[in-house]
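>>> here's a sequence, model it:
(one chain, ligands or ions: 1)
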Amino acid sequence: MNDNVKGLILKQQDYRENAVLLTVLTKEYGRIAFVAAGARKMTSKNAGSIMPFTLADFSFDYKEGKTIFRMKTARTVNLFRFVHENLNASLCASVIAETADLMTVEGSQPEFCEYVYDSVETSWRMLNEKKRADLILCLFLSDLLKESGIGPVVDECVLCGRKNAAVISVSDGGFLCSECADRAGLSYQTIDRLRQFRMICRADFENYDALAGNIQTAADDAEILVRFFDRHAGIEIRSFALFQRLFTIDLNS
Ligand SMILES: [Zn+2]
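You can find the predicted model right below:
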């Protein structure tokens with residue numbers, strides 16, 4: 001029996017002697033793992049085809065109920081070359097990969113995994129087209145929050161429904177009006193800050209150009225969205241800290 005599947009490589013870890021363990025997101029089987037025997041040997045014919053943040057075609061023997069398989073061969077379908085050459089893009093791709101990995105746990109709905117697959121592939125493709133990493137990250141995070149039903153409420157006060165937004169409250173799940181902000185003891189944010197966050201939350205990958213023309217940097221928005229995952233999905237996206245640090249350096253140089 002010989003099965004083939006296309007998958008996005010989210011993670012690569014060392015595994016036993018000279019092997020690597022690949023975490024791969026597929027449309028057909030959700031998130032699965034491949035053991036690539038001997039991949040750390042210089043002579044391995046597969047070593048070049050199993051880089052993280054690439055799309056590859058795998059051959060293996062599928063078995064119902066299993067989530068870890070022995071990889072037979074791998075062939076790169078899309079390398080996303082620029083993503084690997086550019087530090088901003090590659091750090092962004094790694095935050096996206098980590099988020100996708102944490103969100104597609106065992107037992108996730110197949111439809112949800114398929115959705116995440118498309119979102120990751122779109123993000124990596126756009127990064128590879130040299131689109132801005134801060135915006136792509138925001139679009140990806142916001143897309144996944146919305147699909148998970150925990151997207152920030154930005155059309156009205158999340159507590160009382162009034163329309164006068166005064167502050168973003170991560171713990172409450174979206175905008176608070178001035179009255180609710182007062183009650184919670186939160187100081188107001190600027191109209192521009194709120195407007196930009198709302199624009200990002202309402203946008204889709206297709207709205208990239210409009211965002212790029214209007215937003216100077218979305219690093220702060222990405223941070224808020226990362227906190228939404230922490231608070232409402234219970235996942236901590238560790239790789240974001242490095243991405244954020246690089247962005248701060250970029251802005252000051
Ligand atoms: Zn309110």
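
>>> quick one: contacts for the closest residue in space to residue 132 that isn't next to it in sequence?
Nearest residue to residue 132 in three dimensions, chain neighbours excluded: residue 212, at 6.1 Å (Cβ to Cβ, 6 or more residues apart in numbering). C-betas here are computed from N, CA, C, even on glycine. Neighbouring residues of residue 212 by Cβ atoms under 8 Å, 6 or more residues apart in numbering: 131, 132, 135.

>>> ok, residue 136 to the ion distance?
32 Å (Cβ to the ion, to the nearest Å).

>>> residues contacting that residue?
Per Cβ under 8 Å, 6+ apart, neighbours of residue 136: 92, 96, 123, 126, 127, 208.

>>> part of a strand, is residue 33?
Yes - using DSSP: H, G, I helix; E, B strand; the rest coil, the secondary structure at residue 33 is a strand.

>>> now the strands: where do they sit in the stretch 1-150 of the chain?
Counting by DSSP state E, counting those that start in this stretch, the segments of the stretch 1-150 of the chain that form strands are 3-15, 19-26, 30-36, 55-60, 68-70, 73-78.

>>> mind listing what the fifth one pairs with, with the direction of each?
It stands for strand 68-70. Strand pairing for strand 68-70, using DSSP bridges, gives strand 30-36 (parallel).

>>> which residues touch the strand it pairs with?
Outside strand 30-36, the residues touching it (Cβ under 8 Å, 6+ apart) are 7, 10, 15-16, 19-26, 44, 46, 50, 58, 60, 67-71, 74, 100-101, 104-106, 108, 110, 113.

>>> can I get the strands of the stretch 1-150 of the chain in a markdown table with mean neighbour count, distance to residue 198 and mean pLDDT?
What follows is the strands of the stretch 1-150 of the chain, written out as a markdown table (neighbours: other Cβ atoms under 10 Å; distance: least, Cβ to Cβ, whole Å; pLDDT from 0 to 100):
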| stretch | mean neighbour count | distance to residue 198 | mean pLDDT |
| --- | --- | --- | --- |
| strand 3-15 | 18 | 30 | 96 |
| strand 19-26 | 21 | 30 | 96 |
| strand 30-36 | 22 | 32 | 95 |
| strand 55-60 | 19 | 33 | 96 |
| strand 68-70 | 14 | 42 | 96 |
| strand 73-78 | 16 | 33 | 95 |
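
>>> need those strands in TSV with distance to the ion, can you?
Converted to TSV, these look like this (distance: least, Cβ to the ion, whole Å):
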stretch	distance to the ion
strand 3-15	39
strand 19-26	39
strand 30-36	39
strand 55-60	45
strand 68-70	48
strand 73-78	46
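
>>> out of the ones you listed, which is closest to residue 238?
When the strands of the stretch 1-150 of the chain are ranked by proximity to residue 238, the top entry is strand 3-15, at 12.3 Å, counting by Cβ to Cβ.

>>> many thanks, we can stop here.
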